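> Here is the input, now give the coordinates:
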Amino acid sequence: MRRLQILAMLTGVAVAVPAAAEHIVLDTSLLPSAQGWTFVGSDEAGAFAVDGGELVQSTVARGFGAAADEAYYARTISIDPSDRFALTIVASISAATSPAGLDFPFGFSFGVGTPAQYSYVGVGGPRVAATTMLPVPAYFDFPPGYDPLAFNTYRLSGGGGFATLTINGVAVFSNAAFTPVFGSQLLFGDGTFLGNADGRIRSLEFSSGAVPEPASWALMIAGFGAVGVAARRRRVAAA
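Numbers count the residues shown, from 1 in each chain. Predicted coordinates:
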């Protein structure tokens with residue numbers, strides 16, 4: 001960004017600079033509540049702990065229905081409707097349970113809310129679920145060779161009303177996002193009364209930032225061209 005600002009000063013060309021990006025990295029050697037995250041639930045110590053530099057989620061025994069308890073973290077973010085975003089989590093899932101006959105894997109879940117869209121993913125059981133199209137979850141198959149016990153890389157990215165989930169670099173789904181319901185924030189943990197999960201989170205990183213419009217790209221290209229012309233003139237003058 002600073003280079004673009006300098007470019008504008010040197011060339012006199014109006015270069016549109018993208019809005020300041022947000023970058024959040026979770027320190028998994030500390031509880032998120034000590035890092036600006038808000039715990040939602042009644043028993044943080046019973047649901048999350050730190051072990052060997054990893055954040056451990058233990059919510060399988062929390063029950064279902066009226067006996068269940070939410071146990072997740074939320075953090076407000078500054079993000080514009082036009083911003084692109086990416087939430088990347090490296091984690092393993094040692095257990096996932098749902099009520100008999102219900103395939104509802106949101107006990108291990110994560111999501112991103114913006115002023116324009118909401119994308120929420122649940123991982124566990126035989127499939128991955130996502131509320132990216134309808135209030136009722138849509139279900140998708142895991143990529144070939146997926147092992148929930150291994151440490152997998154889950155990447156939820158989106159912007160402009162669409163969201164994509166990749167697992168270990170393989171696209172699982174890419175669809176229109178759900179109508180905003182939670183505001184501009186990050187979520188992860190066990191956010192339901194219908195699914196529980198145990199897992200270990202090794203890393204969590206979020207980034208967002210505006211993508212320049214085509215007109216802005218044109219201005220930047222023109223600016224770079226002007227810099228090139230100026231440099232060439234200086235070389236000719238020196239000769």
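> Nearest residue to the middle of this protein?
Ranked by distance to the mean C-alpha position of the chain (C-alpha atoms, centre = their mean), the top residue is Leu87 at 2.0 Å.
> Okay, and the beta partners of it?
Leu156, Phe206 (DSSP bridges).
> Could you list the low-confidence segments of this structure?
Counting by pLDDT under 70, the ranges of the chain that qualify are 1-20, 101-103, 126-127, 129-136, 178-181, 210-239.
> My guess is the residue nearest to the centre of the chain contacts Ser203. True?
No. Using C-beta atoms under 8 Å, Leu87 makes no contact with Ser203, being 11.3 Å away. Quick note: C-beta positions are derived from backbone N, CA and C, even for glycine.
> quick one: the helices in the chain?
Along the chain, counting by DSSP state H, helices occupy 2-11, 44-47, 214-238.
> List the buried residues for the shortest one?
Under the neighbour-count criterion of 16 or more other C-beta atoms under 10 Å, helix 44-47 has Glu44, Ala47 buried.
> ok, now how distant is the residue nearest to the centre of the chain from Tyr146?
19 Å (C-beta to C-beta, to the nearest Å).
> go on, Val40?
Taking C-beta to C-beta, one finds Val40 at 28 Å from Tyr146.
> how many other residues sit next to the nearest residue to Glu22 once chain neighbours are set aside?
Closest residue to Glu22 apart from its sequence neighbours, by C-beta to C-beta, 6 or more residues apart in numbering: Ser208 at 4.9 Å. Ser208 has 25 neighbouring residues, counting by other C-beta atoms under 10 Å.
> Just to check, Ser208 is in contact with Phe85?
Yes. With contact defined as C-beta under 8 Å, Ser208 counts as touching Phe85 (4.0 Å).
> Common neighbours of those two, please.
Both Ser208 and Phe85 are contacted by Ile79, under the criterion C-beta atoms under 8 Å, 6 or more residues apart in numbering.
> quick one, what contacts Ala91?
Phe108, Phe151, Asn152, Tyr154, Gly199, Arg200, Ile201, Arg202.
> if I look at the closest residue to Asp83 other than its chain neighbours, how far off is Gly122?
Take Asp83 and drop its neighbours on the chain: the residue closest to it by C-beta to C-beta, 6+ apart is Ser208, 4.8 Å away. Separation of Ser208 from Gly122 (C-beta to C-beta) stands at 22 Å.
> same check, this time on Gly189
According to C-beta to C-beta, Gly189 and Gly122 sit 11 Å apart.
> overlap in contacts of those two?
By C-beta under 8 Å, 6+ apart, Gly189 and Gly122 have these common neighbours: Ser109.
> what does the domain assignment say about the chain?
As recorded under automatic domain parsing, the domains making up the chain are 1-18+213-239, 20-211.
> and among those, the most buried is which?
domain 20-211 (a mean of 18; mean count of other C-beta atoms under 10 Å).
> what are the bridge partners for the nearest residue to Ala49 once chain neighbours are set aside, then?
Closest residue in space to Ala49, ignoring its immediate chain neighbours: Val56 at 4.9 Å, by C-beta to C-beta, 6+ apart. Counting by DSSP bridges, Val56 is bridged to Ala49, Arg200.
> In contact with Val56, which residues are there?
Contact partners of Val56, counting by C-beta under 8 Å, 6+ apart, are Phe48, Ala49, Val50, Asp198, Gly199, Arg200, Ile201.
> Repeat the analysis, applying 7 Å as the threshold.
Phe48, Ala49, Arg200 (C-beta atoms under 7 Å, 6 or more residues apart in numbering).
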